[in-house]
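Novice: Quick one, what's the 3D model for this:
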Amino acid sequence: CAISFNKTLSVNTPLLFFNGILYKKYSTNAAEQTESTSLTLWNKPLGLSSHYRKSKITNLERNTLQLTPRVRSIIVGLLLSDAWMNKNGHWNPRIGLKQSVKNFTYFWQVYNELAYLCSGPLYESKDRVRGKYFYSWSFMTRQLPCFMEIFNLFYVKENEKIIKTIKPHLFFYLDYIALAHWIQGDGASRNKGVSLITHGFSLKEVILLMNILIIKFDIQPTIYSYEHRWDPEKFIGPKPKKAKMGHIIQINSKDLDKIKPKLLPYFSDHFLYKINHTSVKH
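Specialist: Here you go, the predicted structure:
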């Protein structure tokens, strides 16, 4: 069985988290005290200084919050990998992301991009699985109407359940920013290329993803399938009668070298090993 323990980390009280150099570097207070009157360039990272500190906002304020093209692309990439969306009844959807503590550098980079869409707390989790502890960080955004476009892109209702899917319209949303975050979340270095793990998507959906990659980026990825190996040390219950199939999209080394210059500006140093094949794996 698994046991989880959560500890809330409020970004509204940065001194509880940061100290010394880190506090000076990341504190939103530093941004508030600046005398600079320069404008933030359109579609550039806004950073923590954009964080809207009110825990509750009015409907007018909620409707004013919008996604920049950059943030929209980041969210698309995250949803293709580790992020998820929640929507309860008539309420607006919200986005969640959880990362292992060892990936905090990337997690913090993403949070900086999405801070203006969040109401506050980061969560530190400790999960116990079969006697071992695993630590992670997570955050949830506000419930906002600006997320409906992305929610309708990725989710459908089937048998009274909301499930994630891949639709042809994703073609218009997948760009180099989205691809960079997809690789950072669910990519793996393989044969000097990169594999995109597509757990949870059907073969039909994976083929659609592959065709979008072919048309949008002028590359020739391939798909290979495999059987999930049943490990009694990891899975609870009896061994299933039929092994579950998984599918992976492989981008070869030639195509990766072709698109790498367009991906690098959106990569965290922490995950460069996935496309450079020179850094030490974390």
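Novice: what ranges do the strands span in this protein?
Specialist: With DSSP state E as the criterion, the chain has strands at 2-9, 84-86, 94-100, 122-129, 132-140, 155-158, 161-164, 187-190, 193-197, 222-227, 245-251.
Novice: among these, which is the most enclosed?
Specialist: Of all the strands of the chain, strand 193-197 has the most neighbours on average by mean count of other CB atoms under 10 Å, namely a mean of 21. Where C-beta positions appear, they are placed from N, C-alpha and C, glycine not excepted.
Novice: Quick one: distance of that one to the chain centre.
Specialist: In terms of CA atoms, centre = their mean, to the nearest Å, the centre of strand 193-197 is found 16 Å from the chain centre.
Novice: List the strands paired with it, with their directions.
Specialist: Here strand 193-197 is paired, per DSSP bridges, with strand 187-190 (antiparallel), strand 245-251 (antiparallel).
Novice: Redo the strands of the chain as JSON lines? Include mean pLDDT and distance to residue 268.
Specialist: Below are the strands of the chain laid out as JSON lines (pLDDT from 0 to 100; distance: least, CB to CB, whole Å):
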{"stretch": "strand 2-9", "mean pLDDT": "48", "distance to residue 268": "20"}
{"stretch": "strand 84-86", "mean pLDDT": "96", "distance to residue 268": "20"}
{"stretch": "strand 94-100", "mean pLDDT": "96", "distance to residue 268": "11"}
{"stretch": "strand 122-129", "mean pLDDT": "84", "distance to residue 268": "17"}
{"stretch": "strand 132-140", "mean pLDDT": "91", "distance to residue 268": "14"}
{"stretch": "strand 155-158", "mean pLDDT": "92", "distance to residue 268": "27"}
{"stretch": "strand 161-164", "mean pLDDT": "93", "distance to residue 268": "24"}
{"stretch": "strand 187-190", "mean pLDDT": "93", "distance to residue 268": "12"}
{"stretch": "strand 193-197", "mean pLDDT": "95", "distance to residue 268": "15"}
{"stretch": "strand 222-227", "mean pLDDT": "88", "distance to residue 268": "27"}
{"stretch": "strand 245-251", "mean pLDDT": "92", "distance to residue 268": "19"}
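Novice: Tell me which of those strands sits nearest to residue 276.
Specialist: strand 187-190 (8.6 Å; CB to CB).
Novice: The closest residue in space to residue 137 that isn't next to it in sequence: neighbouring residues, count only.
Specialist: Counting by CB to CB, 6 or more residues apart in numbering, residue 107 is the residue found nearest to residue 137 once chain neighbours are left out, at 5.2 Å. As a burial measure, residue 107 scores 23 neighbours (other CB atoms under 10 Å).
Novice: CSV for the strands paired with strand 193-197, including distance to residue 130?
Specialist: Shown next, in CSV, are those (distance: least, CB to CB, whole Å):
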stretch, distance to residue 130
strand 187-190, 24
strand 245-251, 22
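Novice: related to what we said a few turns ago, give the contact list for the residue nearest to residue 137.
Specialist: 97, 99, 137 (CB atoms under 8 Å, 6 or more residues apart in numbering).
Novice: thinking again about what came up before, redo the strands of the chain as CSV? Include distance to residue 270.
Specialist: Listed next are the strands of the chain as CSV, based on distance: least, CB to CB, whole Å:
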stretch, distance to residue 270
strand 2-9, 20
strand 84-86, 21
strand 94-100, 10
strand 122-129, 17
strand 132-140, 13
strand 155-158, 29
strand 161-164, 26
strand 187-190, 13
strand 193-197, 16
strand 222-227, 27
strand 245-251, 20
